[in-house]
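1. got a structure for you, letters missing:
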Ligand SMILES: COCC(O)(O)CCCCCNCCCN
Ligand SMILES: [Zn+2]
């Protein structure tokens, strides 16, 4: 499987800037690129990337998303003097021109296309293009919001045309709505555009009615545009993850793209003057990780916005470090999404339930639900809002910008260093089973002493067990020990008895919290269920029954774990939120005898779970079932899981029991919530 992360950057793109006074545009400065690239160099991340040169986009490539007259007009700007540039700029909104911006805009598009070429031809697995001017606001015949050419929209068209991409996913986590991208693919079912954005009931720029959640695309494109408006500022890590688990990822897995773009704007991070959100830079490590097993790992991140130079640089590093495959950081204390975010999540799921089978059981839209604008008017009692028009039609002159009072300095902790252990994957295999290349066969520094053997025999083995079993159990605890000292990142063990191995590991673990994922036939040993520090998520066809406790969560699938669509929705909508909220120090993935989980899905599970516990995932396989060894090892080594292909609908009775489980559990596990309290 292809490895390698491309980094595409050229300092030429720093060689343009605002030449006159404009309070709106003054934040878009060359330093944005400089601090980002310098942070990558200083942290050693740049050297670990494959450096790919930029190139200028051709006219034909730019015309993939722009009109000839617009291109011809922009071509004249290098020869304009100041007044002409200012006059030309007046034709568009919230953007500025400069004699060198056309050159830089061609490089920004060219850089993005270089990234697409290298990813689509398999020279690298994924990558990031650090570019300016950004792109997602520019339209066929208009520059807008600091954007001249729509880098990602052009690249998506280019990937379809030159690399035969059939389904392209664009995830826009910039804090502004990329209306230019939405317009470009409005009726195109081959490009799924997802965007969250500060909206505040249409009172935030670009104040568009079509940025609301009910813009779902049109014609054949209906359902392929997903907007999640933020109607309040201050959205944080839990809100972002809740949108990924309950809106974006279920739809993205059902869509099953063969290429993923990230409109990577970091003005959605804490400290940004535009976003006013509170998500911390490390969240982008998790957002990136959660996208990396789509499209066989082909992910192209392209810089959009981001104006706080500190959080921008930190967020860029978090993103690139994850693309490189380093362990994800600990997610900071996660709770549930806030009420406003839940309303947006509910609205997005409700409006899209007719287009996506994974949402078919989502709660229905609320008929009496007022539109965003009416709600705001109602709030304001129908008067003008304090900051200008109360979500009235946006065509009105932009009100005089209210001088923001000097903002107090917003501070947040610097993201913790993410250290990859020297050994990534250790395998405990019977000698007869060969070790897949890239992995190391685990053998402890020294064997068990007589006391240790006696203890293990007494605790876990009937006296009569042979020496080999004692040695194996000892090796398991040794492997666990090295993982918990971060000397090994993850591991796989082929064991004669998965239940006993799981019991040993949960009791021997030094972690305060252990997540045990049990995929298939139970029973899960009672000793584990009673173990306060272990959260057990058990997915199987067992009869639905009340969750026996807060820490034993049975998820029923009528057809069992062989039902790929059902397992995927259970993993994305239930297991992952539970796991992220639980924040375990160790993840055990147990494959009991007769497990029906198919290869590709098993690999997805092995990869997705590595976003938890600093990547300390220990997979337990039944000794006589060696088939999954190769694909499990591949996932543990950091290879992207293969795409599952478009998913069919999960069984209605299953989704019914998921929703029942969600309702029962969400008080204890608020990250499971998908709708606002009073609306339940
Ligand atoms: C792809 O561009 C990146 C970006 O989305 O960050 C651009 C934001 C433009 C923000 C313009 N603010 C106008 C405020 C008017 N009262
Ligand atoms: Zn932005």
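-> On my side now, so go ahead. Keep in mind that what you see is a predicted model, and the values were worked out from it rather than measured. Numbers count the residues shown, from 1 in each chain. Ligands and ions are numbered 1, 2, ... in the order given.
2. what about residue 643, neighbour count?
-> 19 (other CB atoms under 10 Å). All C-beta atoms are positioned from the backbone trio N, CA, C, and that covers glycine.
3. now do the SS call for it.
-> coil (DSSP: H, G, I helix; E, B strand; the rest coil).
4. excluding its backbone neighbours, what's nearest it?
-> What sits nearest to residue 643 in space, not counting adjacent residues and going by CB to CB, 6 or more residues apart in numbering, is residue 296, at 5.2 Å.
5. who's in contact with the one you found?
-> The neighbours of residue 296, taking CB atoms under 8 Å, 6 or more residues apart in numbering as the test, are 258, 640-643.
6. can you redo the residues you listed as CSV with distance to ligand 2 and pLDDT?
-> Shown next, in CSV, are the contacts of residue 296 (distance: CB to the ion, whole Å; pLDDT from 0 to 100):
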residue, distance to ligand 2, pLDDT
258, 27, 97
640, 28, 94
641, 31, 94
642, 33, 92
643, 29, 93
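7. which of the residues you listed sit farthest apart?
-> 258 and 641 (14.0 Å; CB to CB).
8. mind listing what whatever residue of the stretch 251-400 of the chain ends up closest to ligand 2 touches?
-> Nearest residue of the stretch 251-400 of the chain to ligand 2: residue 305, at 2.8 Å (CB to the ion). Applying CB under 8 Å, 6+ apart to residue 305 gives the contacts 134, 146, 174-176, 265-267, 274.
9. buried among those? Make that a PyMOL selection.
-> To isolate the buried members of the contacts of residue 305 in PyMOL, using 16 or more other CB atoms under 10 Å:
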select buried, resi 134+146+174+175+176+265+266+267+274
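10. the contacts of residue 305: which ones sit near ligand 1?
-> Contacts with ligand 1 within those, as defined by CB under 6 Å from any ligand atom: 134, 146, 174, 176, 265, 267, 274.
11. helix, strand or coil for the first one?
-> At residue 134 the chain is in coil, as set by three-state DSSP.
12. so it sits against residue 304, correct?
-> Yes - look at residue 134 against residue 304 with CB atoms under 8 Å: they come within range, at 4.4 Å.
13. more crowded one of residue 258 and residue 641?
-> residue 641 (24 against 20).
14. okay but that one is in contact with residue 598, surely?
-> No - between residue 641 and residue 598 there is no contact under CB under 8 Å: 11.7 Å.
15. contact partners for whichever residue of the stretch 101-250 of the chain sits closest to ligand 2?
-> Going by CB to the ion, ligand 2 is nearest to residue 176 of the stretch 101-250 of the chain, at 3.5 Å. Residues in contact with residue 176 (CB under 8 Å, 6+ apart) are 136-137, 145, 197-198, 205-206, 265, 267, 274, 305.
16. what would those look like in a markdown table with distance to residue 225 and pLDDT?
-> Listed next are the contacts of residue 176 as a markdown table, based on distance: CB to CB, whole Å; pLDDT from 0 to 100:
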| residue | distance to residue 225 | pLDDT |
| --- | --- | --- |
| 136 | 13 | 98 |
| 137 | 16 | 98 |
| 145 | 18 | 98 |
| 197 | 13 | 98 |
| 198 | 18 | 98 |
| 205 | 20 | 98 |
| 206 | 16 | 98 |
| 265 | 18 | 98 |
| 267 | 21 | 98 |
| 274 | 23 | 97 |
| 305 | 20 | 98 |
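17. CSV please, covering the contacts of residue 296 and showing distance to residue 168.
-> Formatted as CSV, the contacts of residue 296 follow (distance: CB to CB, whole Å):
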residue, distance to residue 168
258, 8
640, 17
641, 19
642, 18
643, 13
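18. from these, pick the one nearest residue 19.
-> Of the contacts of residue 296, the one sitting nearest to residue 19 (CB to CB) turns out to be residue 258, at 42.4 Å.
19. ok, the closest one touching residue 642?
-> No - here residue 258 lies out of contact with residue 642, judged by CB under 8 Å, at a distance of 11.3 Å.
20. tell me the first helix or strand C-terminal of the helix or strand of the chain with the lowest mean pLDDT.
-> Within the chain, no helix or strand scores below helix 372-380, which has a mean of 67 by mean pLDDT, DSSP states H and E. Scanning forward in sequence from helix 372-380 by DSSP states H and E, the next helix or strand is strand 423-428.
21. packing partners of that following strand?
-> With contacts taken as 3 or more CB pairs under 8 Å, 6 or more residues apart in numbering; DSSP states H and E, strand 423-428 sits against strand 440-441, helix 467-484, strand 488-495, helix 629-636.
22. note down every partner strand of the third one and its orientation.
-> Read that as strand 488-495. Take DSSP bridges as the rule and strand 488-495 pairs in its sheet with strand 423-428 (parallel), strand 617-622 (parallel).
23. gap between the last one and the chain center?
-> Centroid separation for strand 617-622 versus its chain: 25 Å, with CA atoms, centre = their mean, to the nearest Å.
24. repeat for stretch 662-676
-> 21 Å.
25. list the buried residues of that stretch.
-> Under the neighbour-count criterion of 16+ other CB under 10 Å, stretch 662-676 has 662, 665-666, 669-676 buried.
26. report the mean per-residue pLDDT for it.
-> For stretch 662-676, the mean pLDDT works out to 93.
27. gap between the two ends of that stretch?
-> One end of stretch 662-676 sits 13 Å from the other (CA to CA, to the nearest Å).
28. and the stretch 501-650 of the chain, which of its residues are near ligand 2?
-> Neighbours of ligand 2 within the stretch 501-650 of the chain, by CB under 5 Å from the ion: none found.
29. now the strands: where do they sit in the stretch 501-650 of the chain?
-> In the stretch 501-650 of the chain, the segments counted as strands under DSSP state E, counting those that start in this stretch are 514-519, 534-540, 552-556, 586-591, 617-622.
30. the first one pairs with which strands?
-> Same thing as strand 514-519. Counting by DSSP bridges, the strands paired with strand 514-519 are strand 534-540 (parallel), strand 586-591 (parallel).
31. just send those strands back as CSV, with mean pLDDT and mean neighbour count too.
-> Below are the strands paired with strand 514-519 laid out as CSV (pLDDT from 0 to 100; neighbours: other CB atoms under 10 Å):
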stretch, mean pLDDT, mean neighbour count
strand 534-540, 96, 24
strand 586-591, 98, 25
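32. comparing the helices and strands packed on strand 423-428, which comes out most buried?
-> Most buried of the helices and strands packed on strand 423-428, by mean neighbour count (mean count of other CB atoms under 10 Å): strand 488-495, with a mean of 25.
33. what sits up against the one helix or strand residue 35 maps to?
-> In this assignment (DSSP H and E), residue 35 forms part of helix 31-42. With contact meaning CB under 8 Å, 6+ apart, helix 31-42 is reached by 7, 9, 11, 13-14, 46-47, 49, 130-132, 303, 306-307, 309, 312-314, 316-317, 320.
34. wait, does it contact ligand 2?
-> No - counting by CB under 5 Å from the ion, no contacts exist between helix 31-42 and ligand 2, the nearest distance being 11.4 Å.
35. would you mark the buried spots in that helix?
-> Of the residues in helix 31-42, 32-33, 35-37, 39-40 count as buried by neighbour count, 16+ other CB under 10 Å.
36. what is the helix or strand just after that helix packed up against?
-> Under the assignment DSSP H and E, the closest C-terminal helix or strand after helix 31-42 is helix 45-48. Secondary-structure packing of helix 45-48 (3+ CB pairs under 8 Å, 6+ apart): helix 31-42, helix 309-323.
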